[in-house]
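Enquirer: Starting from these lines, generate the structure:
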Amino acid sequence: MTYCVGLQIDRGLVFMSDTRTNAGMDSISTYRKMHVWELPGDRVIVLMTAGNLATTQAVVSLLDERTKAVADRRATLLETPSMYQTARLVGDTVKEVIASSAPEGERADAYFNASFVLGGQIRGSQPRLFMIYPEGNFIEATDDTPFFQIGETKYGKPIIIRAYDRAMTFAESVKLMLVSFDSTLKSNLSVGLPLDLMFYEKDSFKVGLRKRIGQDDPYYRTISEGWSDALKAAFQQLPDYPE
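Expert: The predicted structure follows:
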C-alpha cells in the first residue's frame, strides 16, 4: 500500500508521497512513487503511483522510455499539447500495460490494480491536477475537489478537508500535508517514511523545491510531536459526558 496526495492551491501545486510498498514482520521495501518530467520553460509533469508495483513501474518506464525513443513518433509526455492530453496519454498507457499483462478475462481493478495522480503545467494553459483510475479513465480537480489522494487515504483525509485553504502558502500546505501523512503513518504500517515532497509554482515552468523527508528531519519531528500534543490538549478541553 502507499499514500500520495496532490494539492492545488492558488500559488501552484504541491505533491507528497510515501515510499513504502510492502510491510510485514520481516519485509519492508522502499520505492520512489513520485516521478517528474521537466522541460524548462515549457512544462513540468508530476506522476505519483499507487497499487500493484509491477504495473506502476511498467507504466512509468514505458512513459519515460518513449520520451527518449526518437524513432517512435507516438506522442510523449514532453510533446503533449495540454495536461488533458497528457492525462489521456497516461490513461492509454495504463490500459496498454494491463492489456499486455493480464490473462484473458482478467479485470483491471483486480490483480493489476493501479492508480495515479497526475499534475503539472504546460505553457499556454493553467496548472491542472488529475486522478487516473486502473481502467485508464480519469477525473480532474475542481474548486469543490481541489486535492486527490491515492492509496491508504482514510486516515489523512479529515485534516485536509478541515484545514485546506486555497490561499494557503507553500509552507502552510507542507504543514497540512505532514499532519495528514503523520496521521496515516501512525494508523497503518503499510505507509512509511521517507516522504517525497515537491512544489510547483504556477507559471514557473520549472521544478520548485524537491526534498526527501526522513525520520530524523527536525521539522517533521516537530510537526509529529506538536500534532500529538495539540490533539491531547484539545481532547482534555472538551467537556466530560454528564453522568
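
Enquirer: show me what contacts Gln215?
Expert: Counting by CB atoms under 8 Å, 6 or more residues apart in numbering, Gln215 touches 193-194, 221. For the C-beta atoms, the positions are set from N, CA and C on the backbone; glycine is no exception.

Enquirer: Just checking, which helix or strand of this structure averages the lowest pLDDT?
Expert: Taking mean pLDDT, DSSP states H and E as the measure, the helix or strand of the chain with the lowest value is strand 20-22, at a mean of 82.

Enquirer: and it, how far from the chain's centre?
Expert: 15 Å (CA atoms, centre = their mean, to the nearest Å).

Enquirer: Strand partners (parallel or antiparallel) of whichever helix or strand comes after that strand?
Expert: Once the chain leaves strand 20-22, the next helix or strand it forms, by DSSP states H and E, is strand 29-30. Using DSSP bridges, the neighbouring strands of strand 29-30 in the sheet come out as strand 20-22 (antiparallel).

Enquirer: Show me which residues of the partner strand are buried.
Expert: Of the residues in strand 20-22, 20-21 count as buried by neighbour count, 16 or more other CB atoms under 10 Å.

Enquirer: Next: stretch 17-33.
Expert: Quick answer for stretch 17-33 (16+ other CB under 10 Å): 17-21, 33.

Enquirer: Present those as JSON lines; the columns should include distance to Val94.
Expert: Rendered in JSON lines, the data for the buried residues of stretch 17-33 read as follows (distance: CB to CB, whole Å):
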{"residue": "Ser17", "distance to Val94": "18"}
{"residue": "Asp18", "distance to Val94": "21"}
{"residue": "Thr19", "distance to Val94": "21"}
{"residue": "Arg20", "distance to Val94": "22"}
{"residue": "Thr21", "distance to Val94": "18"}
{"residue": "Lys33", "distance to Val94": "15"}
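
Enquirer: biggest separation within the residues you listed, which pair?
Expert: The most widely separated members of the buried residues of stretch 17-33, counting by CB to CB, are Ser17 and Thr21 (11.3 Å).

Enquirer: which residues are common contacts for those two?
Expert: When CB under 8 Å, 6+ apart defines a contact, the residues bordering Ser17 and Thr21 alike are Thr2.

Enquirer: mind checking how far the closest residue to Asp92 other than its chain neighbours is from Thr56?
Expert: For Asp92, the nearest residue in space outside its immediate sequence neighbours is Gly136; the separation is 6.3 Å by CB to CB, 6 or more residues apart in numbering. With the distance defined as CB to CB, to the nearest Å, Gly136 ends up 14 Å from Thr56.

Enquirer: repeat for Trp227
Expert: 30 Å.
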